[in-house]
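K.L.:
sharing a model prediction with you, sequence too.
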Amino acid sequence: MKLSSTSTGAVKYLLAGAVLLEVLAQTYGFYWKLPIAASLVYFAAGLAVALIPVWKDLSPGQATEASWIRIAGIGLFTLLAAWCLWRNVHLVAAAPLDYRQADMLPILETMAQRRLNGAAIYAPIEAIWAGMRPIYLPAMWLPFLPAVWLQLDIRWVSALLLVAVMAIIVFGTGRQKGQVSIRLIAWLALILLYYYIFGLYNTLITLSEEPVVVFYYLLLAWALFRRWPVLTGLAIALCLLSRYSLVFWVPVYLVYQFFYRSRREAYTTAAALAGGLILLLTIGQAWDQLGFFLQLQESYLDELLDPDKSWSFIAQIGNNPGLIKFLPFSGIASWHRLLIIGSILIPPAALWLFRKYRSGLQDRFFGLCSLKLCLVYFYNMLTIPYSYLFYPSTFLSLFILFAAFSDKNDA
């Protein structure tokens, strides 16, 4: 769908503004104690990011890039990456790992150490809550193996993965073209997000495992945009064995590849996906844990419905992104069912709309934008929306923004 230059320019600013608003809503909106407005803006901006690139042709065309702009981008990346790693030195020193504050990273560290020692990875951990059973899929703890082997704080893995994510966004999308002002907005959103994570509200690094998930989803975004089926399949395997939020998107994307890309590409992606899953489950000694993983959703819902714990969940709902805060807590079971039903229906609905209106849509962005749409729905519909869970979707928006204005968008 080709637009006039004026119309295209306005849509480009709309996309850039939506990404900036999404970043501000997830981070500074809650930092400034504006949970209601931030939740609504975050949801609306995420929808805009999911729809605009597949709806409108934003390719830069014959626009050129001055060498000084490229050099400035490399300089900004270098400075921001160096600052993040410098900040991580202080964050790690100031906040020793303590399972009583947050048990995720201590559990993952123990699982990695057990793998190196040849011990039973999924046996209860007596040193954590007097026998905590590990619940993490293999792709969550495997990245921490090098740090454990080198006896480093495992949060260095998190910091390095976020720097790798920055590199994927800035360099993996190709050379940036078009209006300098739009690229400044993109860089502003990127800098504000990293400043928030490393400078203001550091729990994504110090307490959570989510940088691993962010890296996997950005690796998938990179593979989708560059049309690399082997990397796409491997990245999907990593995503599935970390978080399950894209599980219903995967078969629909393979169908899209088969009918609208090429059968060979679909077969290659499926083979890489199957091989990646087999390899990860084998290395992670997790084959006999599959039944346990599948039962976690039922246990999760039972815990949500426990009246003795509802007070803590209500506090989490009010202080984090997500739409459940607008409904009474008594309806949480129905909300959870709506989460599952919508997650099942949205991917095939997106493919149906693509098939019906294909001639006016941007084929290159179907994979990225359909994935973004699924993540927007899934995370905003979470029953217990911990703030760190939303970062994969937000980082994906930054990738989409940089990709929309790159020379690879013309390829």
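P.N.:
Yep, it's here. Residues are numbered from 1 along each chain as shown.

K.L.:
what helices or strands is the helix or strand encompassing residue 230 leaning on?
P.N.:
Using DSSP states H and E, residue 230 sits in helix 229-240. Secondary-structure packing of helix 229-240 (3 or more Cβ pairs under 8 Å, 6 or more residues apart in numbering; DSSP states H and E): helix 138-141, helix 210-226, helix 263-283. To be clear about C-beta, it is placed using only N, CA and C from the backbone, and glycine gets the same treatment.

K.L.:
adding distance to residue 86 and mean pLDDT, write those helices out as TSV.
P.N.:
Shown next, in TSV, are the helices and strands packed on helix 229-240 (distance: least, Cβ to Cβ, whole Å; pLDDT from 0 to 100):
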stretch	distance to residue 86	mean pLDDT
helix 138-141	27	96
helix 210-226	17	97
helix 263-283	33	97
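
K.L.:
I'd like the ones you listed as a markdown table, with distance to residue 202 and mean neighbour count appended.
P.N.:
Shown next, in a markdown table, are the helices and strands packed on helix 229-240 (distance: least, Cβ to Cβ, whole Å; neighbours: other Cβ atoms under 10 Å):
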| stretch | distance to residue 202 | mean neighbour count |
| --- | --- | --- |
| helix 138-141 | 20 | 24 |
| helix 210-226 | 12 | 24 |
| helix 263-283 | 29 | 16 |
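
K.L.:
these into CSV, with extra columns for distance to residue 170?
P.N.:
Formatted as CSV, these follow (distance: least, Cβ to Cβ, whole Å):
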stretch, distance to residue 170
helix 138-141, 25
helix 210-226, 11
helix 263-283, 26
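
K.L.:
so for residue 37, which of those helices sits nearest?
P.N.:
helix 210-226 (23.9 Å; Cβ to Cβ).

K.L.:
against which helices or strands is the closest one packed?
P.N.:
Helix 210-226 packs on helix 138-141, helix 155-171, helix 203-206, helix 229-240, helix 366-380, helix 391-404, going by 3+ Cβ pairs under 8 Å, 6+ apart.

K.L.:
how about the strands in the stretch 301-411 of the chain?
P.N.:
With strands called from DSSP state E, counting those that start in this stretch, the stretch 301-411 of the chain shows none.

K.L.:
low pLDDT regions in it?
P.N.:
The model of the stretch 301-411 of the chain has pLDDT under 70 over residues 308-312, 407-411.

K.L.:
same deal with the stretch 1-150 of the chain?
P.N.:
Residues of the stretch 1-150 of the chain that meet the cut-off, pLDDT under 70, sit at 1-7, 60-66.

K.L.:
after the longest helix belonging to the chain, which helix or strand is next?
P.N.:
What stands out as the longest helix in the chain, according to DSSP state H, is helix 67-94. Once the chain leaves helix 67-94, the next helix or strand it forms, by DSSP H and E, is helix 104-117.

K.L.:
show me what that next one is packed up against.
P.N.:
Short answer (3+ Cβ pairs under 8 Å, 6+ apart): helix 104-117 packs on helix 138-141, helix 145-149.
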